[in-house]
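In: build me a model from this:
(chains A and B)
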Amino acid sequence: MKKIIFLNILLILILFLTGCWDSKELNKLGISLIMGYDVENGKVLLTVGFINPASTQEGDMEGNLSVKYAQGTGNTILEAFRDITLKFDRRVFASHNKVIIFGEDFAKQGLVGHIDELMRDREQRETSYILIAKGAKAYDIMGVNPGLEQIPANYVLELIKNTNSNPKAMSVNFIEYIKHYYHNGHHPMTGIVEKREKEIINKSPDIGPTSEYELSIIGSAVFDRDKLVGYLNGNDTKALNFFLDKIKGGVITFHTPVSESSSDELSSVYIIKNKTKNDIEILDGRIILKTKVKLTSSMGEVIGNIDISKEENIKKMEEACSKAIEEALEAAVKKVQKEYKLDIFGFGIVFHRKYPSQWKNIESNWDEIFSEAEFQIEVDTNIIRTGLINTPINRIKVE
Amino acid sequence: MENTKINKVSYNQVLLLIVLYRIMVGLTYMPAVNTTPANQDVWIATLLSIFYTILFNLPIIYLSNKFNKLNLLEITEKIMGKFLGKIIGVIYFITFLFSNIIFVGTLVEILNTALFPVTPTWFTTLIIMLTCAYISSRGLRNIGRLGEIIVPIVIFTIFLIIILGYKNYNIKELLPVFSDSTFGQINLGAINTSMKFFDILVLVMITPNLENKKDLNRIFVKSIVYSILIVVGCIIPTQMTVGIELAKHMNFPFLTFTRMIQIGEIQGFDLLYMICWIMGNTTKISGYLYFTTITLGEIANKKNQIFIIPISIIMFVLVTILKDSRSILGVPQPANTVISVVSITSIIVIPSVMLIVYFFRKKRLN
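Out: Residues are numbered from 1 along each chain as shown, chains lettered A, B, ... in the order given. Got it, this is the predicted structure:
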């Protein structure tokens, strides 16, 4: 009898499992994939891109867009979030958010002091990528979608993922940014996004208007602690990724080492693997920052009269590639040392780990020391594949 | 008082329970990251706490070995006499009750923070207390059996989560080792951690129920070593993923670590953690509730069963009031100070005094 009563109680309890105070119905949520933060008239302006569940292939014919946008303003981010609730019919659901874009003005006033909510709120994902809208407001960037992805946020997300094959941009997620913010001796960096005009290639009148803009994430944003102070171009960002050992793929282009021809001929290698080691040495009181790059690559294209099926020529190509990387890295370091005087490469962390007792004395003026420090860059390239052909196609092969 | 014959528990059951009780603290709010030296060396301090935990608990474990047919309160009465024994018994009852309120409060806090922000505190507390009161009412043997099922699941899940998170690890976050903290600071951190080993009280309460009383010392040492190794196994990945400074800012560092895990497009591994964490905490609270009623039963010379519902109601009321008035983890003071005072008193001071009295009254007691 007792068991029957107990089972009945259990069955009644099941009724409560259907949902309680925290139940979330899908048709009540506004699922956001991208958010933009700007500052306007001293207030936070939040722009959220929501997926439109009504948007289907047929729906699009009726003019429904796959994404809808809502904006809210407030003195703080949370206030801006709540402001949206009185303008948009669904509650912002941020758990699926993939990308956060900060307007340039917002980033210049300092990120960390204003984004506490993004760490405190359980719905926000720490893995969301951060981008800075270069020279623009975040909302200027958000509606642009010239790609094949139906949802603009996914278009931006795919661009970020493509940094794996082109390190001229940076992919930094929210927690990485905060982590570096806490590191003394390494200023944080983030990716950027820029709206650019593009040529309309398809001029067929029945196609209708096509996008006039595209987004580019080439480059990166330089921060002094949490304040945006400038940008690096694509090549310098690639160099930065080498220093940070974040190279996962990409292409290195260098002058083909052919003695008889002009130096305009360029060849390229694909990056298969890269390992960078940063080190520091103190010699006679001078601080020397050392970087060793070990690149494993595959021949991508050979322009010029060189027979790379010969061992000595492959060696020449490897040396030329190493030299190109060395020059690029050196140029980036010099630029950062001269223009920004900030250690964005993380040498301060290396110093702290190698010379912990000295670090305490120089920690506060590390950036100054970094900007005057000597550099030694050493690159070792290894070309392990030549693709489907060996000698360049413009060269007649003679045994 | 309870019938020890029908509540016999095996070596494995007790070992698993004590390990679970200890690791739940680390899994929840990882206090070690904020303990001295509070830098990248915290895992070393935690590891070193094994030695100090064994050292500080020697008096209580010595007495338990000497009187292995008696539980903690019976030992107290035997050594200190009936009157003083009862007073100390009340202190231990308050210790168990207080610890359990903190455990339930913490469980409610994380549930309301991470899963059910709108659900009222009373409802979450009610569900927890109903479940735990039921488990407690089934007796120690069933709590032991539950532990045998739950603990392997919890440990396996932690292990799985640690493996899944490997992509986010940066070993350099652990460096430099021994440089930013002195030997003294590391020892201080280890001592701090070791003084909060409440679960030794559970072990001493279980001793008369052990199938083989000689297993006591093995369980004592192994539970400390295993639990600390598991906790360090959670601290290091968390530190390597989010860095020590960020970990210190977090109320639930291991939860954030699990939120960072991403395999392809798949996220949400924090749910795995939440499931095992709820199971583990329910087992822990049930066990502590059981021993709270046992201590009260000893004081009142009655069966513990009759106290389960009243104590559960008291806990429900106190936790609801506490949780509706402040955050336990977000604002750790004065709870931390109270925990320290209660733990030092119940684990070190009282057993040490009892040990001294025992040596004076040794002949008479034997």
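In: going by C-alpha atoms from here, please, whenever you check contacts or count neighbours.
Out: Fine.
In: who does the helix or strand containing A:K292 pair up with?
Out: Per DSSP states H and E, A:K292 falls inside strand A:286-301. According to DSSP bridges, strand A:286-301 has the following sheet partners: strand A:266-283 (antiparallel), strand A:374-385 (parallel).
In: buried stuff in that strand?
Out: A:287-301 (16 or more other C-alpha atoms under 10 Å in any protein chain shown).
In: which one of the strands paired with strand A:286-301 lies closest to A:I252?
Out: strand A:266-283 (5.4 Å; C-alpha to C-alpha).
In: for the closest one, C-alpha coordinates in PDB please.
Out: In PDB, the C-alpha atoms belonging to strand A:266-283 read as follows (Å, rounded to 0.1, in the frame of the first residue of the first chain):
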ATOM      1  CA  LEU A 266      57.600  36.200 -55.900                       C
ATOM      2  CA  SER A 267      57.000  32.700 -54.700                       C
ATOM      3  CA  SER A 268      54.700  31.500 -51.900                       C
ATOM      4  CA  VAL A 269      54.600  28.600 -49.400                       C
ATOM      5  CA  TYR A 270      51.600  27.300 -47.500                       C
ATOM      6  CA  ILE A 271      52.100  27.100 -43.800                       C
ATOM      7  CA  ILE A 272      51.600  23.500 -42.500                       C
ATOM      8  CA  LYS A 273      52.900  24.000 -39.000                       C
ATOM      9  CA  ASN A 274      54.600  26.700 -37.000                       C
ATOM     10  CA  LYS A 275      56.200  26.900 -33.600                       C
ATOM     11  CA  THR A 276      57.400  30.100 -32.100                       C
ATOM     12  CA  LYS A 277      59.500  30.400 -28.900                       C
ATOM     13  CA  ASN A 278      60.000  33.700 -27.300                       C
ATOM     14  CA  ASP A 279      62.900  34.200 -24.900                       C
ATOM     15  CA  ILE A 280      64.700  37.000 -23.100                       C
ATOM     16  CA  GLU A 281      68.300  37.400 -22.200                       C
ATOM     17  CA  ILE A 282      70.000  40.000 -20.100                       C
ATOM     18  CA  LEU A 283      73.500  40.700 -21.500                       C
END
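In: list the contacts for the residue nearest to B:F103 when sequence neighbours are not counted?
Out: Spatial nearest neighbour of B:F103, chain neighbours left out: B:I285 (6.8 Å); criterion: C-alpha to C-alpha, 6 or more residues apart in numbering or on different chains. By C-alpha atoms under 8 Å, 6 or more residues apart in numbering or on different chains, the residues touching B:I285 are B:N100, B:F103, B:V104, B:C132.
In: likewise B:W277?
Out: B:M24, B:L27, B:T28, B:V154.
In: make TSV from those and add distance to A:K43, secondary structure and pLDDT to it.
Out: Compiled in TSV, these are given as follows (distance: C-alpha to C-alpha, whole Å; DSSP: H, G, I helix; E, B strand; the rest coil; pLDDT from 0 to 100):
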residue	distance to A:K43	secondary structure	pLDDT
B:M24	43	helix	93
B:L27	39	helix	86
B:T28	37	helix	85
B:V154	46	helix	95
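In: now the buried members of the residues you listed.
Out: The buried subset of these (16+ other C-alpha under 10 Å) comprises B:M24, B:L27, B:T28, B:V154.
In: so the residue nearest to B:F103: helix, strand or coil?
Out: Classification of B:I285 by DSSP: H, G, I helix; E, B strand; the rest coil places it in helix.
In: quick check: pLDDT value at it.
Out: B:I285 is assigned a pLDDT of 96 by the prediction.
In: likewise for A:R82?
Out: Confidence score, pLDDT, at A:R82: 94.
In: report pLDDT for the closest residue in space to it that isn't next to it in sequence.
Out: Nearest non-adjacent residue to A:R82, counting by C-alpha to C-alpha, 6+ apart: A:G72, 7.5 Å away. Reported pLDDT at A:G72 in the predicted model: 96.
In: understood, closing this out.
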